[in-house]
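>>> Predicted model and sequence follow; I will ask about them next.
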Amino acid sequence: MSRTPGVSFGISHDGDTILLGAAGSADLESSAPALPTTGYRVASITKTFTATLVMQLVEQGKLRLDEPVATYLSWTKPVLGSSGVTLRHLLTHSGGIIRDGSCSWTDDGFPDVGRFHADVLGGGAFAEPAVGFRYSNVAYALLGEIVEKTTSLGFAAAVDKRIVRPLALAASGTRITKRLRSTLATGYLYRRPGEPWPATKHTEAGAFEPAGGLISNVPDLLAYQQAHFPGSTKLLNDLSKREMQRTQWQRSEEPHHGYGWMVYAVDGVSLRGHSGGYPGFVTRIAFAPEWGVAATVLTN
């Protein structure tokens, strides 16, 4: 495989897995093959998990979508206190919030909490809310911190308790535990033809964990998407799922955005999904609720 060291993929229909496959290498140095169960850093797919946690707390009456962010994170008041930026704005990337701050999306470029707070306080908003769309990892980092404050759990623990364990996702989490490290593929950066593949390091996403820290594999992500189909009660009620999956912010071109999910069509089929890019990894998931079909493609 000249352009991608390894790939794992799968498709499910009405809860049944109908295709699982893989090709290439999970690690070029050891020649370990990519398998359907190989783990990958799935990057911004994490945002759908973060939005799911927020909607669970909304269902429980612990969060309100139209409440100002500063109500839940008092440290943001100097910047966001009078702006009117709400949780709904953060979910739809419409809050006028900066995209990355000082985060460089490199192995060692993820901010800790202190640096993240400094980025926000130093100029976290560049526009009034609801004026335009700007994709923002900072917005989802803020949502993750709100989840932590509301649940009294670290973000990794909240994901584990509220999503991973209810769905029995054995290969998923937002921290590099010994268990997840054992099946995690090595990420590789792009190269010129004929040059060796540059390997990335396995590092944590720091304060950007809620925006892009998730590790997962194909079977787990198929099961996760199935839990977002109508009728499933494993994560959310149907009203919450419809709100997440309908267009909340319509852009000039697809994808449009719901809460966490991107909304777009392929060959006339309406899809909900998300892509992800992490140092050494490119990933995508998508599902068609009306068809009962979900798909996952993960690469290193």
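Here it is on my side, so go on.
>>> Return the residue spatially closest to the residue most central in space within the chain, with its sequence-adjacent residues excluded.
Centre of the chain computed as the mean C-alpha position; nearest residue by C-alpha atoms, centre = their mean is residue 46, 1.8 Å away. Setting aside the residues directly before and after it, residue 46 is nearest to residue 214 in space (C-beta to C-beta, 6 or more residues apart in numbering), at 3.9 Å. Just so you know, the C-beta spots here come from the backbone N, C-alpha and C atoms, and that holds for glycine as well.
>>> Contacts only, for the residue nearest to the centre of the chain.
Contacts of residue 46 were listed using C-beta atoms under 8 Å, 6 or more residues apart in numbering, and they are 140, 174, 209-214, 276.
>>> Let's see the pLDDT reported for it.
In this model, residue 46 is scored at 98, pLDDT.
>>> Could you do residue 1 as well?
You'll see residue 1 listed with a pLDDT of 58.
>>> if I pick residue 52, what's in contact with it?
So residue 52 contacts 162-163, 228, 235-236, 244, 260 (C-beta under 8 Å, 6+ apart).
>>> isn't there a helix covering it?
Yes - using DSSP: H, G, I helix; E, B strand; the rest coil, the assignment for residue 52 is a helix.
>>> Please tell me how far stretch 248-267 is from the chain's geometric centre.
Using C-alpha atoms, centre = their mean, to the nearest Å, the mean C-alpha position of stretch 248-267 is found 15 Å from that of the whole chain.
>>> Span of it from start to end?
With C-alpha to C-alpha, to the nearest Å as the measure, stretch 248-267 spans 22 Å from end to end.
>>> go on, stretch 220-240?
One end of stretch 220-240 to the other measures 21 Å (C-alpha to C-alpha).
>>> List the contacts of it.
Counting by C-beta under 8 Å, 6+ apart, residues outside stretch 220-240 touching it are 10-12, 15, 17, 42, 45, 49, 52, 55-56, 58-59, 162-163, 166-172, 216, 241-242, 244-245, 272, 285, 287, 289, 292, 294, 296, 298.
>>> Helices - which of those residues land there?
Cross-referencing the contacts of stretch 220-240 with the helices (criterion: DSSP state H) gives 49, 52, 55-56, 58-59, 166-167, 241-242, 244-245 as the overlap.
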